[in-house]
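Chemist: Need coordinates for the following:
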Amino acid sequence: MEPVRVFVMEGEIPPETGGEIVIVDEKVMKRLAGTETPRGPIAVVPIPTHHRPLGRTALVTWGISDPGNLGTLVRTAAAFGYPMVVGPETTDPWSPKVLRGGAGGHFRTTVTSVGRLDELDDLRLLATVVAGGSAPEDLDDVPWAIMIGSESHGLPHYVVAASTKVTIPMDSGTESLNAAIAGAIIAYQVSQRSD
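Modeler: Numbering: from 1, shown residues only. Purely as a prediction, here's the structure:
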């Protein structure tokens, strides 16, 4: 994907990526980057439009509010070759913090959104739950919608009720895992037995 515009600091060698090259000073680079110690270059690229590949296991967020978690989940989806699907009440997948957390994963997978469960009818729903679900290694070899819920509340009851439930076994005393970590563990386990 070719950038529209690339901002580089004075004295840096502009990348050979196409698009308009704009030379800026450190003050402008800081403002563009939104971080304390910016690293250039910074590119403006169009947000790609994708259609989710049907019948392929996908990582699906449902209410993820933390940009770092969502970015990590996008990166995880890209690492395992899964489409990323953003469900209701999930933070903007194209916000700067999510893009930083995704570490380029947004451009190595498809990122689409859904508003209802029936938009995932081509997949079996797999709800990550803290307790009472099957062990990840016992999952069937089918295309799954790996559902990752809100950091503080988990998945809504109606999503869990419509899904096969999976629980990551943990030593006693550990209440739960971070949403992105849980998603990565389940994505890995599913990758060992499907698509």
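
Chemist: The residue nearest to the spatial centre of the chain in helix, strand or coil?
Modeler: Residue closest to the mean C-alpha point of the chain, counted by Cα atoms, centre = their mean, is V74 at 2.2 Å. State at V74, reduced to three classes by DSSP: H, G, I helix; E, B strand; the rest coil: helix.

Chemist: Spit out the contact partners of it.
Modeler: Contact analysis of V74 by Cβ atoms under 8 Å, 6 or more residues apart in numbering lists M84, P93, V98, G101, G102, G105, H106, T109, V111. Where you see a C-beta, it was placed from the backbone N, CA and C, and this is true even at glycine.

Chemist: could those residues be laid out in CSV, adding secondary structure, neighbour count and distance to A182?
Modeler: Putting the contacts of V74 into CSV (DSSP: H, G, I helix; E, B strand; the rest coil; neighbours: other Cβ atoms under 10 Å; distance: Cβ to Cβ, whole Å) gives the following:
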residue, secondary structure, neighbour count, distance to A182
M84, strand, 26, 16
P93, coil, 23, 18
V98, helix, 26, 18
G101, helix, 21, 16
G102, helix, 27, 18
G105, helix, 21, 17
H106, helix, 23, 21
T109, coil, 23, 19
V111, strand, 23, 20
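
Chemist: Just the closest of these to T37, please.
Modeler: For T37, the closest of the contacts of V74 turns out to be G101, at 17.1 Å, with distances computed as Cβ to Cβ.

Chemist: Next one: that closest one from P67, what distance?
Modeler: In this structure, G101 and P67 are 6 Å apart, going by Cβ to Cβ, to the nearest Å.

Chemist: ranges for the strands of this protein?
Modeler: Counting by DSSP state E, the chain has strands at residues 5-9, 20-24, 42-44, 58-62, 84-86, 111-113, 124-128, 144-149, 164-166.

Chemist: Now distance to G173 and mean pLDDT too, for those strands, in JSON lines please.
Modeler: Formatted as JSON lines, the entries for the strands of the chain read as follows, by distance: least, Cβ to Cβ, whole Å; pLDDT from 0 to 100:
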{"stretch": "strand 5-9", "distance to G173": "48", "mean pLDDT": "91"}
{"stretch": "strand 20-24", "distance to G173": "51", "mean pLDDT": "92"}
{"stretch": "strand 42-44", "distance to G173": "44", "mean pLDDT": "87"}
{"stretch": "strand 58-62", "distance to G173": "27", "mean pLDDT": "98"}
{"stretch": "strand 84-86", "distance to G173": "32", "mean pLDDT": "98"}
{"stretch": "strand 111-113", "distance to G173": "36", "mean pLDDT": "97"}
{"stretch": "strand 124-128", "distance to G173": "20", "mean pLDDT": "97"}
{"stretch": "strand 144-149", "distance to G173": "22", "mean pLDDT": "97"}
{"stretch": "strand 164-166", "distance to G173": "21", "mean pLDDT": "97"}
